[in-house]
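J.: Here's a sequence, model it:
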Amino acid sequence: MNLNQAKKKFINEWGTLCSNWGVNKTMGQVHALMLISKYDLCADDIIEELHISRGNANMNLRALLEWRLIEKKNKSGCRKDYYKAQKDLNEVFRNIVENRKKKEFDPLLKLVSDLKSFKPECDDSNEFCHMINKIGIYTHKVDRALGALTSTKLDWLSKIMLR
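T.: Reported below is the predicted structural model:
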C-alpha cells in the first residue's frame, strides 16, 4: 500500500466511523483529510481531493468550525479562507464529547426536568413518575461524569490507554 492508498483508506474509514458516531460521513472525511494534511487547506483543496461540491465543502467546514475541530486561517495577500485541523487529540475528543452531549444528551435532561412536575393520578401514572425519576437520577449521574470528563485535562486518559 502506498501513501495515497493509505490516505484514501484513512479518509474513507474515518468518515464511516464518524457516521457511526452521529456525524455525517462527508464531515468525517473532511476532518480526516485535514487531520492528515501537513498544510492548511482551502475549500478548493478539499473539493478537489474529496470530489465534493462547493456547497457540501462549505457546509461541512462550517460544522467543523462550530465543533471547534478546525480553525480558520487567513494568509496575507490571499482572499481565500484556509483551515487547519485541531491536532491535539485530547482536544478533539473533548470537543466531540461536548458537541454530542449538547446535541443528544441535553435534550433528554430537559425532557426529564419538564416531566418531573407531573404528579401521579393513578397506578399507571405512579409507574410513569417512578420511571421518569429513575431516568432523571441516571441522567444526572451521566451528566456529572461527562462534565468531569470534558472539564479536565484528558492527557490522563491518553496515559492510561498507552500503558
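
J.: from here on, contacts and neighbour counts on C-alpha atoms
T.: Will do.

J.: Which parts of this structure are strands?
T.: Using DSSP state E, the strands of the chain run over residues 41-42, 70-74, 81-85.

J.: mean confidence score for the first one?
T.: Spelled out, it's strand 41-42. Averaged over strand 41-42, pLDDT sits at 96.

J.: mind listing what Leu108 touches?
T.: Thr139 (Cα atoms under 8 Å, 6 or more residues apart in numbering).

J.: ok, it to Leu149 distance?
T.: 19 Å (Cα to Cα, to the nearest Å).

J.: what does Asp44 give?
T.: For Asp44 relative to Leu149 (Cα to Cα), the value is 36 Å.

J.: So which of the strands of the chain is nearest Cys122?
T.: Closest approach to Cys122 among these is made by strand 70-74 (52.8 Å; Cα to Cα).

J.: now the strands of the chain as a markdown table including mean neighbour count and distance to Val97?
T.: A markdown table is the format used below for the strands of the chain (neighbours: other Cα atoms under 10 Å; distance: least, Cα to Cα, whole Å):
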| stretch | mean neighbour count | distance to Val97 |
| --- | --- | --- |
| strand 41-42 | 19 | 25 |
| strand 70-74 | 16 | 15 |
| strand 81-85 | 19 | 17 |
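
J.: which residue packs closest to Val92, ignoring adjacent ones?
T.: Leu69 (6.1 Å; Cα to Cα, 6 or more residues apart in numbering).

J.: Look at that neighbour and say how many residues are nearby.
T.: Using other Cα atoms under 10 Å, the number of residues around Leu69 comes to 24.

J.: can you pull the contacts of it?
T.: Here Leu69 is in contact with His31, Ala85, Gln86, Val92, Asn95 (criterion: Cα under 8 Å, 6+ apart).

J.: go on, Asn95?
T.: Going by Cα under 8 Å, 6+ apart, Asn95 touches Trp67, Arg68, Leu69.
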